[in-house]
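>>> Next come a sequence and a model predicted from it.
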Amino acid sequence: LVVNNQHAASAPPRPFEWQRHHFQDLFEGIGRFVQVISPWNDPTPFSRSWIMFEVTICSISDCRYEIYLPTREQHKFLQTLRETPRALLNTLLTLDVEQAQAAYDVDRKNIFAMMQSLGFTHIQSEISQQIRHSYMITVEKALGVGDIPDVMKDTNLLFHFGEVLLDFGEPRKAIQYFEQALSMGECTASVRPIHARMAQAYVNLTLFEQALQHSTVAFGASHPKTAQIHLEFAQQLEQTQSNMMAEPHFRAAFDANLKVLGRNHAATEQAASGLTRCRSQEHSCDAISQLNSVSTTPSTSPSQFVPLGGRLELLETLFTMALENDCVTTQQVCDGVIRPMTTNCAWIDNAEPHLVGPSTCFVSHAWQMPFQDSLEAMRAYEANHPNTYFWFDVVCLNQHETQKSRVPYEQLQSGFRENLASIGHVVFVFSPWSQPLPLTRAWCLFEMMCAFTSKMDWEVFIPSHQEETFHQMLVQDPQCVINALAAVKSEDASATYKEDKENILQAIEQLMGLEQFNSVVCLQLREWCLTKARDSLVQPSQEAEAGVVKEFSTHCHRVADILLSFGRSKDSMSVLHQAEHVLKEKGFGNKHDCMVTHNDIMAKAYDALAQYDLALAIRKATLPKHHPDIATNEYCLGVMYLDHKDFDQAMLSLEDALQHRKIILGRNHLLTAMVYWKLAVVYEHLQKIEAAVEMWTLAHDVFEKELGANHPHTKTAQEARFVKSKTTPVV
């Protein structure tokens, strides 16, 4: 503006080749190119072809390239970053150098021809790298020097900047900011998300012990995310021939996944295979088969005596009296009705003869639960098994005797298993669904153990009012099912007498193991949750308004996501097709929020079914051109082709993945290095040895910098590079 003669601007333009050589001489002479961009989240300069011309000339001239963000835009960026860590990624995704425009088509054509000599990917990578660097420096300076108001320097900004650093391949720096965020105390987003991201950062650095510590704080020891870290740790140890050290981590992953995700989930089977490979004498050669043995333990022989139980009518009468006396829990019914209205006898001792008989169903419950929950379970059982006599402890035992003295554990357990076997069927009443009270009481666990290890029928009943609670929690947190199952921990149960709890837990451990016990319980809870989630889908009528359709599709997406989490990919796909039909019927386009979510989950479902080509088609049609999910999809597709020995297709997919990862993540990101690795293997199979050596070298350099010289990845890349370079013909 000030150097050029603006009066001559209206003169006929110079030939393009003159412009090119003139600018190249200019850049080589000056040696530095500073580009001012604004606004920060959609930089106008990158929409102009002549700016692309300058960037290209800068690269050709080997000129130093920098990006400057004005102070006003810096503050806007920082303010946005406080709310969302995706601020920088979203900016990078808006860039597409091939969409730049010019006043004259001939200029655009000439500039694009020049850009193609370097490659559009190269130019976009250069720009993305400079934007990443400039924006990150902006935040680091602001946090370190105080260029922004103190009110903005809160935990969220530290946390979100740590997330940005982590996403763009700087896990060590990210950890520093996460630690600062934790040191500041409570965060708006709470402390757990920070620990979760710290766990991911340590996983990226393959520092699994630290990752496990933070994952346990964030999710719990039994959560699938913690189990995944155990699994990756075990696989690394296995690679280094440390089977003895790998075994307990395979075991931890297997136990957690079996409990929460179920025996048929891919993660459970993967952990079981690892456990089998490096098993010690203490473990079976087939870890999965351990659960099968639970239900085949020889049964205790039923005793000839069958304890007396009461008919449903007897319980209904008691419930009516409980309501009249404002008694809600079973404990209150005992204290407020049964004990005051009986004298040194059980409630059924005063019942009419036709309401009492040999018990045919044992009802297991917790006394702190509402009495109505247990009654509802008995009503449901009676509907399918008419004329049932229920053994329900509060009415079948003399509550005056139990109040007077404690019965020793040895005396109770000796006859209990025989009596239970003689009854033949058990109903366990679980309430609330997310934290069943019976699982917190040791004697309830003892009843479950007796049923689980005997050849008798048993079932879990969850009261109907819990369905609404479940649906409400599902709306608030789609991960509520996984979190509830991960929280099941029988060893934390309590008892009135400490020695009773110790004896019961010891018996469970000896008969079936606490982990297997938890898995059996979780199996029942898991199936109830998934069944109720599917049953909650009620398709709207054709006349339904758009708001109703949107609400239905949103619920479908929650249910599909949950089914996907538990490895029910086909069921998830069925729900998604149901939602898609309704959305398309109402004319919802791909850019509508509902369809964006729908396509995202649909692509994940195809991923789970290893149909990566279909997933990629969806992502390419709905996501920005260089979105990281597209790169990941192409990488997975390339690895699948590699596994199937289709090397030509593997090369095409992996080269596409490499282009996208270079643009968004940069050349030195660990995820980019993994593409180098796989491409090196493909090039070897295609006898492209020089290209393979180049890829091994690039991978090695990133691994050495990020993971260290002694990491298995670094050593593998170094060895492969050395061996292949020896086989390269000398020209």
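Perfect, thanks for sending it. Numbering: from 1, shown residues only.
>>> Got the phi and psi for residue 683?
Phi and psi for residue 683, reported as degrees, to the nearest 10, are phi -60, psi -40.
>>> right, and it touches residue 654 too?
No: at 9.6 Å, residue 683 does not count as touching residue 654 under the criterion of Cβ atoms under 8 Å. Glycine gets a C-beta too; all of them are placed from N, C-alpha and C.
>>> higher neighbour count, these two?
A side-by-side neighbour count of residue 683 and residue 654, using other Cβ atoms under 10 Å, places residue 654 first with 28 against 22.
>>> can you tell me how far the more buried one sits from residue 248?
Relative to residue 248, residue 654 is positioned 35 Å away (Cβ to Cβ, to the nearest Å).
>>> Over to residue 672?
33 Å.
>>> same question, residue 394
44 Å.
>>> Could you check which of those two is surrounded by more residues?
Each of residue 394 and residue 248 has its neighbours counted (other Cβ under 10 Å); residue 394 has more, 22 against 16.
>>> Point me to the helix or strand that includes that one.
Per DSSP states H and E, residue 394 falls inside helix 393-396.
>>> same question, residue 133
Residue 133 belongs to helix 120-145, assigned by DSSP H and E.
>>> Now do the next helix or strand along the chain from that helix against helix 120-145: the angle between them, please.
With elements assigned by DSSP H and E, the helix or strand that comes after helix 120-145 is helix 155-167. Compare the direction of helix 155-167 with that of helix 120-145 by axes from the mean of the first three to the mean of the last three Cα atoms, to 10 degrees and you get 150 degrees.
>>> Contacts for helix 155-167 next, please.
78, 81-85, 87-89, 136, 139, 143, 171, 173-178, 180-181, 184-189, 193-194, 197, 200-201, 204, 665 (Cβ atoms under 8 Å, 6 or more residues apart in numbering).
>>> Just the buried ones among these, please.
78, 81-82, 85, 87-89, 136, 139, 143, 171, 173-175, 177-178, 181, 187, 194, 197, 200-201, 204, 665 (16 or more other Cβ atoms under 10 Å).
>>> three-state assignment of the closest residue to residue 401 other than its chain neighbours?
Counting by Cβ to Cβ, 6 or more residues apart in numbering, residue 344 is the residue found nearest to residue 401 once chain neighbours are left out, at 7.6 Å. Three-state assignment for residue 344 (DSSP: H, G, I helix; E, B strand; the rest coil): coil.
>>> so who does residue 344 touch?
Residue 344 is in contact with 398, 400-401, counting by Cβ under 8 Å, 6+ apart.
>>> Which ones among the residues you listed lie within helices?
Mapping those onto helices (DSSP state H) picks out 400-401.
>>> Which of the contacts of residue 344 sits closest to residue 464?
The closest of those to residue 464 turns out to be residue 398 (Cβ to Cβ; 32.3 Å).
>>> Look up the pLDDT of the closest one for me, please.
We have a pLDDT of 90 for residue 398.
>>> Then residue 122?
At residue 122, pLDDT is 89.
>>> Can we start the residue count at 54 from this point?
In the new numbering, first residue 54, that becomes residue 175.
>>> Grab the nearest non-local neighbour of it.
residue 112 (7.2 Å).
>>> Now find how far off-centre the helix or strand that contains the one you found is within its chain.
Residue 112 belongs to helix 102-113 when assigned by DSSP H and E. Centroid separation for helix 102-113 versus its chain: 42 Å, with Cα atoms, centre = their mean, to the nearest Å.
>>> helices or strands next to whichever strand or helix holds residue 556 in the packing?
Per DSSP H and E: residue 556 is located in helix 551-564. Other elements packing on helix 551-564 under the criterion 3 or more Cβ pairs under 8 Å, 6 or more residues apart in numbering; DSSP states H and E are helix 462-476, helix 495-505, helix 567-588.
>>> tell me the secondary structure for residue 642?
Relying on three-state DSSP, one would call residue 642 coil.
>>> ok, it - how many residues close by?
The tally of other residues near residue 642 (other Cβ under 10 Å) stands at 9.
>>> Also residue 775?
Residue 775 has 12 neighbours, counted by other Cβ under 10 Å.
>>> And it, how far from residue 757?
For residue 775 relative to residue 757 (Cβ to Cβ), the value is 14 Å.
>>> repeat for residue 187
Residue 187 is 27 Å from residue 757, where distance means Cβ to Cβ.
>>> In the chain, which residue is most central in space?
residue 278 (6.2 Å; Cα atoms, centre = their mean).
>>> Quick one: residues contacting the nearest residue to residue 493 once chain neighbours are set aside.
Closest residue in space to residue 493, ignoring its immediate chain neighbours: residue 546 at 5.4 Å, by Cβ to Cβ, 6+ apart. Listed by Cβ under 8 Å, 6+ apart, the contact set of residue 546 reads 492-495, 497-498, 554, 557-558.
>>> what do you get for residue 101?
153-155.
>>> residue ranges with poor pLDDT in this protein?
Applying pLDDT under 70 to the chain flags residues 54-65, 198-206, 238-242, 332-358, 455-460, 464, 467, 777-784.
>>> Please tell me how far the residue nearest to residue 293 when sequence neighbours are not counted sits from residue 292.
Nearest residue to residue 293, sequence neighbours excluded (Cβ to Cβ, 6+ apart): residue 765, at 6.3 Å. In this view, residue 765 and residue 292 are 5 Å apart by Cβ to Cβ.
>>> what does residue 300 give?
According to Cβ to Cβ, residue 300 stands 14 Å off from residue 292.
>>> Looking at these two, which one has more neighbours?
Per other Cβ under 10 Å, whichever of residue 300 and residue 292 has more neighbours is residue 300, with 21 against 12.
>>> could you check the angle helix 567-588 makes with the helix or strand containing the more buried one?
Using DSSP H and E, residue 300 sits within helix 296-313. Relative orientation of helix 296-313 and helix 567-588, computed by the same axes, to 10 degrees: 40 degrees.
>>> list the helices and strands helix 296-313 packs on?
Here helix 296-313 touches helix 277-292, helix 319-330, helix 533-539, helix 567-588, going by 3+ Cβ pairs under 8 Å, 6+ apart.
>>> change it to 6 Å
Applying 3 or more Cβ pairs under 6 Å, 6 or more residues apart in numbering; DSSP states H and E, we find helix 296-313 packed against helix 277-292, helix 319-330, helix 567-588.
>>> what's in contact with the first one?
Read it as helix 277-292. The contact list for helix 277-292, computed with Cβ atoms under 6 Å, 6 or more residues apart in numbering, reads 261, 264-265, 268-269, 272, 298-299, 302-303, 305-306, 309-310, 313-314, 324, 327, 765.
>>> mind checking how far stretch 588-602 is from the chain centre?
29 Å.
>>> Show me which parts of that stretch are buried, residue by residue.
For stretch 588-602, a neighbour-count test (16+ other Cβ under 10 Å) marks 589, 593, 597, 602 as buried.
>>> possible to save the helices and strands packed on helix 551-564 as JSON lines with distance to residue 697?
Below are the helices and strands packed on helix 551-564 laid out as JSON lines (distance: least, Cβ to Cβ, whole Å):
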{"stretch": "helix 462-476", "distance to residue 697": "53"}
{"stretch": "helix 495-505", "distance to residue 697": "43"}
{"stretch": "helix 567-588", "distance to residue 697": "32"}
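>>> So which of those is the most surrounded?
Highest mean neighbour count of those: helix 495-505, a mean of 23 (counted as mean count of other Cβ atoms under 10 Å).
>>> Return the alpha-carbon coordinates of that one using PDB.
Taking C-alpha atoms only, helix 495-505 is exported to PDB below (Å, rounded to 0.1, in the frame of the first residue of the first chain):
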ATOM      1  CA  ALA A 495     -23.200 -58.300  52.500                       C
ATOM      2  CA  TRP A 496     -26.100 -60.700  53.400                       C
ATOM      3  CA  CYS A 497     -27.800 -59.900  50.100                       C
ATOM      4  CA  LEU A 498     -24.500 -60.800  48.300                       C
ATOM      5  CA  PHE A 499     -24.500 -64.000  50.200                       C
ATOM      6  CA  GLU A 500     -28.000 -64.800  48.900                       C
ATOM      7  CA  MET A 501     -26.900 -64.000  45.400                       C
ATOM      8  CA  MET A 502     -23.800 -66.200  45.800                       C
ATOM      9  CA  CYS A 503     -25.900 -69.100  46.900                       C
ATOM     10  CA  ALA A 504     -28.200 -68.700  43.800                       C
ATOM     11  CA  PHE A 505     -25.300 -68.200  41.300                       C
END
